[in-house]
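A.B. asks: With the input below, show me the fold.
(one chain, ligands or ions: 1)
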Amino acid sequence: MPTTWDVLVIGGGVAGLSAAIAARRLGASARLIDSAPQGLRGGNARHARNFRIAHATPNLYAPGAYAVDEFLSELVMTTAGQTDMELAHSLIADTTDVIKWLTANGVSLQNPAIGAIPFSRRTAFLLGGGKAMINALYETAARIGVATDYDSEAKDLRANSDWTWEVEIRNGAATERVHARTIIAASGGPGAEPEWLRAHFGTQAEGLMIRGGAFSDGEWMKKLIETGAQTVGNPSSGHMVAVDARGPKADGGIVTRIAAIPYGLVVDRNAVAVESPGAGSGRTHHARWGARIAQCDGGRAFLILDAVGLNRAPPTALAPILAETIASLANTLGLDRVALARTVEASKQLAGPPFFAFPMRAGLTFVHFGLAVDDRMRVKMRNGRTFATLFAAGMIMVANILPRGYLAGLGITLSVVSGRRAGEAAARHALA
Ligand SMILES: Cc1cc2nc3c(=O)[nH]c(=O)nc-3n(C[C@H](O)[C@H](O)[C@H](O)COP(=O)(O)OP(=O)(O)OC[C@H]3O[C@@H](n4cnc5c(N)ncnc54)[C@H](O)[C@@H]3O)c2cc1C
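C.D. replies: Numbers count the residues shown, from 1 in each chain. Sure, this is the predicted structure:
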């Protein structure tokens, strides 16, 4: 173990792994720490399925073509023009070789010609999902000499006069002080922090489920803000989807998502029909419904299906609640029987019993907020300068180009390209 690390990476999700591997491959000594235990390593990428890539010609994993400009224009549309155009363009240009980079680092992808995955020219799918990608990247990191510590949380930092850093790391009862020439913050966004949610999401906070892991809690981001880092985005805005309210409060992942809303009737806890204008029935309707459910009384709503609706519904992790009559459905869901009967009758959406119901809440995927960075992923300061030895990658900086909205597969892609860029820039600085 060196006494001074060239690159210390805080956070062992896909951004941190990409950064550590990239730095190590340039010859820097690299240490990666993660506050989660080994069994939960990898952050939210554990739940991911696919990633968005620009490509000019078909490849084994993504048919057709998806030009950098098309990718950029879709990002501009989804963010209503609020993205940092220059940074977005250069990071999107980097996505053209993400497939090559991931596969060179041991990650396996699905060939759409032989798998049961959706056809997509915009995204490539991970074979074995995000967990398999994470395992492959940890294996590569270990093989090339990245030092890794689990159960290790960065708690504090101090800049020396030469802009190297002392970082305090807590591992159980033990505290270690680590000296590093550069730091890469890859600790994710603040989405899993209850206090943050209460402060910025107000009355909606109590009703929210957290789709990702509880360790991506934004504490390290807050520490860097105290240290002078400039922020970007909206702390009260997040990407949400409709999830099964019976799932775990945190880390439910993708499987608790409710994707059958277009086939049934949604009511709130007063048994009043809920509409979500513009949600439509496309693949991303559940994202529009997430924000709508968060606004419902108590942050709760119920999807009610008849047998035809259930038949059209994709498989769910938790079985629907079955009821033979409206009265027993109301009783089981804790709704007013008369009000529910009136709403069902008025909606004309359900053919008749039996009924199937899913209790729903809004599940928060991430918050549109983070640290401002320059094109080398160096963290900007509030005083207008830039930290030469402090970098950020992944969800902690994504709000620079995604201050609102979402495009499927953007999280992993941006984490990989920003991680690589931060890792290489930090290594070059440390080795200069
Ligand atoms: C349910 C779900 C499904 C998703 N599906 C997709 C998908 O299909 N495609 C896609 O592109 N994106 C998807 N995303 C988004 C994607 O997972 C994220 O954008 C990406 O994983 C972010 O990676 P990250 O490394 O920046 O942050 P994170 O994954 O949040 O990782 C941060 C890591 O930092 C660690 N950490 C935090 N604080 C500290 C500290 N103080 N000290 C040490 N370690 C710390 C945490 O333990 C964690 O491991 C999904 C997200 C969720 C929640």
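
A.B. asks: for the residue in the stretch 151-300 of the chain positioned nearest to the ligand, what are its contacts?
C.D. replies: In the stretch 151-300 of the chain, the residue that lies nearest the ligand is G188 (2.4 Å; C-beta to the nearest ligand atom). Glycine gets a C-beta too; all of them are placed from N, C-alpha and C. By C-beta atoms under 8 Å, 6 or more residues apart in numbering, the residues touching G188 are 11, 13, 15, 43-44, 212, 215-218, 394-396.

A.B. asks: R312 touches A260, doesn't it?
C.D. replies: Yes - R312 lies in contact with A260 (C-beta atoms under 8 Å); the separation is 6.9 Å.

A.B. asks: Show me which positions of the helix or strand harbouring L340 end up buried.
C.D. replies: Using DSSP states H and E, the element containing L340 is helix 337-347. The neighbour-count check on helix 337-347 (16 or more other C-beta atoms under 10 Å) flags L340, A341, T343, V344 as buried.

A.B. asks: so what's the residue of the stretch 151-300 of the chain closest to the ligand closest to, chain neighbours aside?
C.D. replies: S216 (3.2 Å; C-beta to C-beta, 6 or more residues apart in numbering).

A.B. asks: avg pLDDT for the helix holding L340?
C.D. replies: In this model, helix 337-347 has a mean pLDDT of 96.

A.B. asks: hmm, which two among the buried residues of helix 337-347 are most spread apart?
C.D. replies: A341 and T343 (7.5 Å; C-beta to C-beta).

A.B. asks: what do the two both touch?
C.D. replies: With C-beta under 8 Å, 6+ apart, A341 and T343 have no common neighbours.

A.B. asks: Name the helix or strand for V178, please.
C.D. replies: strand 174-185.

A.B. asks: near the ligand, anything from that strand?
C.D. replies: No - Strand 174-185 does not reach the ligand (C-beta under 6 Å from any ligand atom); its nearest approach is 8.8 Å.

A.B. asks: List the strands paired with that strand, with their directions.
C.D. replies: strand 4-10 (parallel), strand 165-171 (antiparallel), strand 386-392 (parallel) (DSSP bridges).

A.B. asks: ok, L40 - how many residues close by?
C.D. replies: L40 has 16 neighbouring residues, counting by other C-beta atoms under 10 Å.

A.B. asks: Any stretches of this protein with poor pLDDT?
C.D. replies: Along the chain, segments meeting pLDDT under 70 span 115-118, 278-285.

A.B. asks: mind checking the longest strand of it?
C.D. replies: strand 355-371 (DSSP state E).

A.B. asks: need the contacts of G188 in JSON lines with secondary structure and distance to the ligand, can you?
C.D. replies: Shown next, in JSON lines, are these (DSSP: H, G, I helix; E, B strand; the rest coil; distance: C-beta to the nearest ligand atom, whole Å):
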{"residue": "G11", "secondary structure": "coil", "distance to the ligand": "3"}
{"residue": "G13", "secondary structure": "strand", "distance to the ligand": "2"}
{"residue": "A15", "secondary structure": "helix", "distance to the ligand": "3"}
{"residue": "G43", "secondary structure": "helix", "distance to the ligand": "2"}
{"residue": "N44", "secondary structure": "helix", "distance to the ligand": "4"}
{"residue": "G212", "secondary structure": "coil", "distance to the ligand": "3"}
{"residue": "F215", "secondary structure": "coil", "distance to the ligand": "3"}
{"residue": "S216", "secondary structure": "coil", "distance to the ligand": "3"}
{"residue": "D217", "secondary structure": "coil", "distance to the ligand": "6"}
{"residue": "G218", "secondary structure": "coil", "distance to the ligand": "8"}
{"residue": "G394", "secondary structure": "helix", "distance to the ligand": "2"}
{"residue": "M395", "secondary structure": "helix", "distance to the ligand": "4"}
{"residue": "I396", "secondary structure": "helix", "distance to the ligand": "6"}
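
A.B. asks: contacting residues for N44?
C.D. replies: G13, G130, G188, R211, G212, G213, S216, F366, M395, G411.

A.B. asks: For A330, see how far away the most far-flung residue of the chain relative to its centre is.
C.D. replies: Distance from the centre of the chain peaks at V338, with 40.9 Å (C-alpha atoms, centre = their mean). Distance, V338 to A330, by C-beta to C-beta, to the nearest Å: 8 Å.

A.B. asks: Next, give phi and psi for the residue of the stretch 151-300 of the chain closest to the ligand.
C.D. replies: Main-chain torsions, G188, degrees, to the nearest 10: phi 80, psi -180.

A.B. asks: the more surrounded of R312 and A260?
C.D. replies: A260 (22 against 11).

A.B. asks: pretty sure that one contacts V308?
C.D. replies: No - between A260 and V308 there is no contact under C-beta under 8 Å: 11.4 Å.
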